[in-house]
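Undergrad: Test case, fold it:
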Amino acid sequence: MFYWVMKRIFLGPVLKLLFRPWVKGLDNIPAEGAAIIASNHLSFSDSIFMPLMVHRPVVFLAKSEYFTGTGIKGRLTAAFFRLTNQLPMDRSGGAASAASLSAGMEVLNHGGLLGIYPEGTRSPDGRLYRGKVGVARLALQAGVPVIPVAMIGTDKVQPIGKRLPNIRRIGMIFGEPLDFSGYRDQAEDRDVQRKVTDQIMFELMRLSGQEYVDEYAAVVKLRLAGKPVEPAAAAEPLASPAPAEGTAASGGQDRPAAGQGSKDDGGAAAAG
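TA: Residues are numbered from 1 along each chain as shown. All right, here's what the predicted structure looks like:
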């Protein structure tokens, strides 16, 4: 109820008036039935503007840190995310990440729209970074289409670290649904998960016009901050388990940028 009231009566009309969002391809969102909406991630405000323009409710997998903050600001942030149909995505791996996967699957099994940021975190510089394969595993296991959406200009509205937004026009482009049903019987194959994820990232690159970087955004953020790159930054907690030691990997690993890039890192996949 809160979600509907804020979107239709209070917050939604004000945001539309101030930021005058333009939208292309909105008819690519199915009128009913489950689907994943996979978006590039330029700004905190992506999770506000995109659901605002979609007629159906969108449930996002958002990083769990948004739900565990302390103090007044932390509690208000956590309350906002819960009341706006967002679920905590634990990226630490193990049982916590498995619970996040189950929560996303539940949304899809009930015919809902699940929003995911395949990059796992906001872009540090406006470029598009390597996708984590959780989006592929969810799509393959649930047997649902993936709708790529390119957010345009939200990084100019609210750059990282800026609290008050700049009032300027933003846009979004919804691409045609991507059908991966032909891979459904290979949902646990890590190479297939990577191939599907790279196809999604290619579409995001094509729609957004962003430069693609075959590296995880979380790793780049740590490097830019002068911090050591921890294994968790490249972990993919929603991927299928790693193959047993000594088992040969199969399949190619296409990349958005003409197939360039190295083989998938160990670990698993994070989405959102």
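Undergrad: C-alpha only now, for contacts and for neighbours.
TA: OK.
Undergrad: can you tell me the helix or strand for residue 218?
TA: helix 217-224 (DSSP states H and E).
Undergrad: how about that helix: buried residues?
TA: 217, 218, 219, 220, 221 (16 or more other Cα atoms under 10 Å).
Undergrad: in this structure, which spans are helices?
TA: If you assign secondary structure with DSSP state H, the helices in the chain sit at 2-8, 11-19, 46-53, 71-83, 94-109, 134-142, 154-157, 190-208, 217-224.
Undergrad: Could you single out the most deeply buried of the ones you listed?
TA: When you average the neighbours per residue for each of the helices of the chain (mean count of other Cα atoms under 10 Å), helix 134-142 leads with a mean of 26.
Undergrad: Which neighbouring elements make contact with it?
TA: Counting contacts by 3 or more Cα pairs under 8 Å, 6 or more residues apart in numbering; DSSP states H and E, helix 134-142 is packed against strand 35-39, helix 94-109, helix 190-208.
Undergrad: what comes up buried for stretch 210-219?
TA: Those buried within stretch 210-219 under the rule 16+ other Cα under 10 Å are 210, 212, 213, 214, 215, 216, 217, 218, 219.
Undergrad: ditto for stretch 109-123
TA: Of all the residues in stretch 109-123, those buried under the rule 16+ other Cα under 10 Å are 112, 113, 114, 115, 116, 117, 118, 119, 120, 121, 122, 123.
Undergrad: Let's have those in TSV, adding distance to residue 131 and pLDDT.
TA: Formatted as TSV, these follow (distance: Cα to Cα, whole Å; pLDDT from 0 to 100):
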residue	distance to residue 131	pLDDT
112	22	96
113	19	97
114	16	96
115	14	94
116	11	93
117	8	93
118	5	94
119	4	95
120	7	88
121	10	90
122	12	93
123	11	96
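Undergrad: which of those residues sit farthest apart?
TA: With distances taken as Cα to Cα, the most widely separated pair in the buried residues of stretch 109-123 is 112 and 123, at 26.7 Å.
Undergrad: list the contacts for the residue nearest to residue 193 when sequence neighbours are not counted?
TA: Take residue 193 and drop its neighbours on the chain: the residue closest to it by Cα to Cα, 6 or more residues apart in numbering is residue 136, 5.2 Å away. Neighbouring residues of residue 136 by Cα atoms under 8 Å, 6 or more residues apart in numbering: 193, 194, 196, 197.
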